[in-house]
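Trainee: Quick one, fold the following:
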Amino acid sequence: MVPIVHFNSTSLVKPSTDPSNGSLPRRIEFTPMDLQRLAIDYIQFGLLFNKPTPKQLEEDLIGNNVIDHLKDSLSRTLEIFTPLAGRLAITEHQDNKTMSFHLDCNKGDGALFVDAAAPGVTVAQILEASCVPEVVYSLLPMEGVREEPSQSIPVIEQYRHLDGIEQPIRIPDFVYQEIIGDQGRPSNSPLGKVRLFHFTKGSIAALKAKANAEIGNSAASNASISSLQVILAHFWRSITRIKLLEAVADTEEETHCRVIMNVRHRLRPPLPDEYFRNAIIGVPTTARSGELVEHGLDWATLQNNKMIARQTEEEIKRKLKAWVEKP
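Mentor: Predicted structure coming up:
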């Protein structure tokens, strides 16, 4: 039985100062990397804290209750990251029947704050579970919702663009309908279970040592692999092996391992640390199911390693320009 979440109240928390008085851009155009994210669900993160003890409440909050304290902290945070209180906006261009997207930071409507309670649910129950507990989805207010105009979205601070890519990108109506359309409404379909895997530091080190030992006996002995590349390769091979055993895939079928890469340091000059927006691309590595399972962990790891190494500044810009021409 899914624990019941009681929603006590919802409100909008605004920046502690008027955002229109600041020096940050009031209208932030979307780059191709921002626009690509419109077609996927919200990427939501959560921070879990243990409930304060009465002593902590007395010493740290100085008379404020927890809710007021959180609202005040959020308000002061939004003063620094004002785009988080902005709104996704769309401009319709009647001359060529296209639309362009931007973030409107003028209104300063605020960020959604939800006060809710889940009696009987503990931090340990969530963190130590083997599958994502269903109550977690109740704690994510944008679950199943995709970006639509007037919604708060956690993106971007400064507007910068890649050389050679014109801004703003204009998307035809039919593409907008494909991206938003009915997909903007929450889905009522039942949730599938999402498995959680907990890797210890020792198990990760053992996997990497195994891959390095296998690579040491090959022509790619000088390759430098990361722990993440090894873990992804391990998952890729394991899932593919299960599919073959259960006859839901055949040995000639193509299988893919998609890595989400941070590209801010691959551009020249690199994007600054203060660049508060999307700077990621998806990089797929492809192999036949049979060859992936036949080869060892080292082979799968090296396939990911090589694909990531190919993502130079020129390759990144080529992909983005291609997407602009054909979203």
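Trainee: what's the spacing between residue 84 and residue 3?
Mentor: For residue 84, the distance to residue 3 under the criterion C-beta to C-beta, to the nearest Å works out to 29 Å. C-beta coordinates here come from the backbone N, C-alpha and C atoms, glycine included.
Trainee: who's more crowded, those two?
Mentor: Using other C-beta atoms under 10 Å as the criterion, residue 84 and residue 3 rank with residue 84 on top: 21 against 13.
Trainee: okay, that one: pLDDT?
Mentor: With respect to pLDDT, residue 84 has a value of 86.
Trainee: And for residue 265?
Mentor: According to the per-residue confidence, residue 265 scores 88 in pLDDT.
Trainee: and what of residue 243?
Mentor: The score at residue 243 is 91. That number is its pLDDT.
Trainee: In three-state terms, how would the residue positioned nearest the centre of the chain be classified?
Mentor: A centroid search over the chain (C-alpha atoms, centre = their mean) returns residue 43, at 4.2 Å, as the residue closest to the centre. Three-state secondary structure (criterion: DSSP: H, G, I helix; E, B strand; the rest coil) places residue 43 in coil.
Trainee: Any figure for the gap between it and residue 223?
Mentor: Here the criterion is C-beta to C-beta. By it, residue 43 lies 31 Å from residue 223.
Trainee: how far away is the residue nearest to the centre of the chain from residue 231?
Mentor: 20 Å.
Trainee: Same check on residue 82?
Mentor: Following C-beta to C-beta, the distance that separates residue 82 from residue 231 is 37 Å.
Trainee: more neighbours, the two?
Mentor: Each of residue 82 and residue 231 had its neighbours counted (other C-beta under 10 Å), and the higher figure belongs to residue 82 (22 against 18).
Trainee: these two touch, right, residue 112 and residue 12?
Mentor: Yes: in terms of C-beta atoms under 8 Å, residue 112 counts as a neighbour of residue 12; the distance is 6.4 Å.
Trainee: The closest residue to residue 87 other than its chain neighbours: neighbour count?
Mentor: Beyond its immediate neighbours in the sequence, the residue positioned closest to residue 87 (C-beta to C-beta, 6 or more residues apart in numbering) is residue 104, lying 4.9 Å away. Neighbour count for residue 104, taken as other C-beta under 10 Å: 18.
Trainee: Same question for residue 46.
Mentor: Other residues near residue 46 come to 8 when the count uses other C-beta under 10 Å.
Trainee: does it count as helix, strand or coil?
Mentor: State at residue 46, reduced to three classes by three-state DSSP: coil.
Trainee: doesn't residue 140 make contact with it?
Mentor: Yes: using C-beta under 8 Å as the test, residue 46 is close enough to residue 140 to be in contact (7.0 Å).
Trainee: how near is the closest residue to residue 193 other than its chain neighbours to residue 239?
Mentor: For residue 193, the nearest residue in space outside its immediate sequence neighbours is residue 131; the separation is 4.7 Å by C-beta to C-beta, 6+ apart. In this structure, residue 131 and residue 239 are separated by 16 Å, where distance is defined by C-beta to C-beta.
Trainee: higher neighbour count, these two?
Mentor: Shown here are residue 131 and residue 239; by other C-beta under 10 Å, residue 239 has more neighbours (14 against 10).
Trainee: Next up, identify which helix or strand the more buried one is on.
Mentor: Following DSSP states H and E, one finds residue 239 within helix 227-245.
Trainee: Now do the strands in the protein.
Mentor: All strands of the chain, identified by DSSP state E, fall at 6-13, 27-29, 87-93, 98-104, 111-117, 170-172, 254-262, 280-288.
Trainee: out of those strands, nearest to residue 319?
Mentor: Closest of those to residue 319 is strand 280-288, at 6.5 Å (criterion: C-beta to C-beta).
Trainee: and that closest one, how far from the chain's centre?
Mentor: Average the C-alpha atoms of strand 280-288, do the same for its chain, and the two points are 16 Å apart (C-alpha atoms, centre = their mean, to the nearest Å).
Trainee: Return it as CSV; C-alpha atoms alone will do.
Mentor: Output in CSV follows, covering the C-alpha atoms of strand 280-288 (Å, rounded to 0.1, in the frame of the first residue of the first chain):
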residue,chain,number,x,y,z
ILE,A,280,24.9,18.5,-22.1
ILE,A,281,24.5,16.1,-25.1
GLY,A,282,23.4,12.5,-25.3
VAL,A,283,26.1,10.2,-26.8
PRO,A,284,24.9,6.7,-27.9
THR,A,285,27.3,3.8,-28.3
THR,A,286,25.9,1.0,-30.5
ALA,A,287,26.8,-2.7,-30.7
ARG,A,288,25.1,-6.0,-31.7
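Trainee: That one packs against which elements?
Mentor: strand 254-262, helix 297-309, helix 313-325 (3 or more C-beta pairs under 8 Å, 6 or more residues apart in numbering; DSSP states H and E).
Trainee: could you give the mean pLDDT of the second one?
Mentor: When the per-residue pLDDT values of helix 297-309 are averaged, the result is 95.
Trainee: got the buried residues for that helix?
Mentor: Using 16 or more other C-beta atoms under 10 Å as the burial criterion, the residues of helix 297-309 that qualify are 297-305, 307-308.
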